[in-house]
Each structure stands twice: as C-alpha cells, then as structure tokens.
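Colleague: Predicted model and sequence follow; I will ask about them next.
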Amino acid sequence: MEEALRTNGITAEQNRRLSETIALEQARLRQFIRSRVPDVADAEDVLQDVFLELVDAYRLMKPVEQVGAWLFRVARNRIIDLFRRTRPVLLGNDRLVTTEDGDVRQWEDLLPSREAGPEAAYARSVLLEELDSAIEELPEEQRDVFVAHEIEGRSFKEIGEATGVSVNTLLSRKRYAVQRLRRRLQSIYDEFGKV
C-alpha cells in the first residue's frame, strides 16, 4: 500500500493522513468485510479495492468527510459488486426455493432458460437486473440478512453469531425484506406472467 501511495501523486502530508486512516480503520473494515464475504481472498481483494479508492479520492482532491463511514459505504458497494459478478454461480447452485404453491425448486428453475432463444435471454436479463435493483433498494439491515441467507446460503444461527443479532430479529428482518421484494417485483412478475 505504501508503494501505491508514493506512485499515485500523493503529497507527504496526504500520505501521512492516509497511512493513519488505514492503520486506524483496517482491522474494523477487514472484520466487516469478512463477516459478509466467505472467501478470504475475495475479502482481501475487497479491502484493497476500498483503500485504493480512498487513495484515488485523495489523489483527485475529492474531499472525504467522515472517512470511517465513507470506507464502510465503499466496502458495502464493493461487496455488492462482488456478489453481482458471482451471481450466476450462486443462483445456479443447488439451493432450493419453495414457491408460493409449496413446490420445491432450484433457483435456476425459476428463471427463463438460457437456451430458449433471444426472448427468454432478454427476460432472464431483465429479471436479474430487477432483482438486483430490488435487493439494493432494501434497507441495509434487511438486505444484509436476505443476501446472507438466500444468496450466500448461511444459516440464521451463523449470521447471528457473526453479527451479534438475535435469530428472531434476523427472521423478522428477512420477512420484511421478502415482503418488500414481493411488492417491488410484483409488476415485473405480472408483465412476464402474461407472456
């Protein structure tokens, strides 16, 4: 990180402030990222991306107010980006979903087939984009538990141990997240249900 600071046009004073900030926030930020990203290498990549974005902000003379909060917001965004990149693998895994009719199906079965032609491919991409947007619009606490449970496949007990939040609270947050997602995605469901 020191080498990156020297080669990015950072003044000695900025370098000192950046080094202090990194030293102060690194442990908390790493713990925050590791609680949400199961793979250690991915978590370290996210951490480095966050600090490089901080360096870029200083280099470009963009003032960063409340650096700690800013770092966590950037980390949250990088984690979301990571899950977007890996989403096809996550949604295509063997995780089972129970539909409203009580049928147990795989995630992949709920989306239009990739091989069903251009219309199905378009529908699939629209559905995934809408789902991404809807998840991103959830309040942070609801989004975190929904992503951890439904996409990462973690149990409520694991999430509770990592966050210090009771299982009942996590269940409630997920229930509210599902309700919001249903309301938010109802129109797209209705539109594609007519096809």
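Modeller: Received the coordinates, thanks. Residues are numbered from 1 along each chain as shown.
Colleague: Now do the longest helix anywhere in the chain, average pLDDT.
Modeller: Longest helix in the chain, counting residues (DSSP state H): helix 167-193. If you average the pLDDT over helix 167-193, you get 84.
Colleague: other SSEs contacting it?
Modeller: Packing partners of helix 167-193 (3 or more CB pairs under 8 Å, 6 or more residues apart in numbering; DSSP states H and E): helix 118-137, helix 140-146, helix 156-163. Yep, even glycine has a C-beta here, placed from its N, CA and C like the rest.
Colleague: low pLDDT regions in this protein?
Modeller: The chain contains residues with pLDDT under 70 at 1-10, 62-63, 84-117, 119-124, 192-195.
Colleague: re the thing from before, export the helices and strands packed on helix 167-193 to CSV and tack on mean neighbour count?
Modeller: What follows is these, written out as CSV (neighbours: other CB atoms under 10 Å):
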stretch, mean neighbour count
helix 118-137, 14
helix 140-146, 20
helix 156-163, 16
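Colleague: So for Ala43, which of these sits nearest?
Modeller: When these are compared by CB to CB, helix 156-163 sits nearest Ala43, at 12.6 Å.
Colleague: same for the closest one, what does it pack against?
Modeller: Going by 3+ CB pairs under 8 Å, 6+ apart, helix 156-163 lies up against helix 167-193.
Colleague: okay, the angle between the longest helix of the chain and helix 118-137?
Modeller: Helix 167-193 and helix 118-137 are oriented at 150 degrees to each other (axes from the mean of the first three to the mean of the last three CA atoms, to 10 degrees).
Colleague: What are the buried residues along helix 167-193?
Modeller: Neighbour counts over helix 167-193 (16 or more other CB atoms under 10 Å) mark 170, 173-174, 176-177, 180-181, 184-185, 188 as buried.
Colleague: Quick check: which of the helices and strands packed on helix 167-193 is nearest to Thr11?
Modeller: helix 140-146 (34.9 Å).
Colleague: other SSEs contacting that closest one?
Modeller: Using 3+ CB pairs under 8 Å, 6+ apart, the elements in contact with helix 140-146 are helix 118-137, helix 167-193.
Colleague: centre of the chain versus stretch 33-52, how much separation?
Modeller: From the chain centre to the centre of stretch 33-52 is a distance of 12 Å (CA atoms, centre = their mean, to the nearest Å).
Colleague: ok, residues contacting that stretch?
Modeller: With CB atoms under 8 Å, 6 or more residues apart in numbering as the test, stretch 33-52 has contacts from 1, 4, 22, 26, 29-30, 71, 74-75, 78-79, 82, 144, 147-148, 152, 154, 162-163.
Colleague: ok, back up a step: out of the helices and strands packed on helix 167-193, which is closest to Gln14?
Modeller: Among these, if distance is taken as CB to CB, the winner is helix 140-146, at 30.4 Å.
Colleague: returning to that earlier point: dump the helices and strands packed on helix 140-146 into TSV; add distance to Leu54 as well.
Modeller: Converted to TSV, those look like this (distance: least, CB to CB, whole Å):
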stretch	distance to Leu54
helix 118-137	22
helix 167-193	30
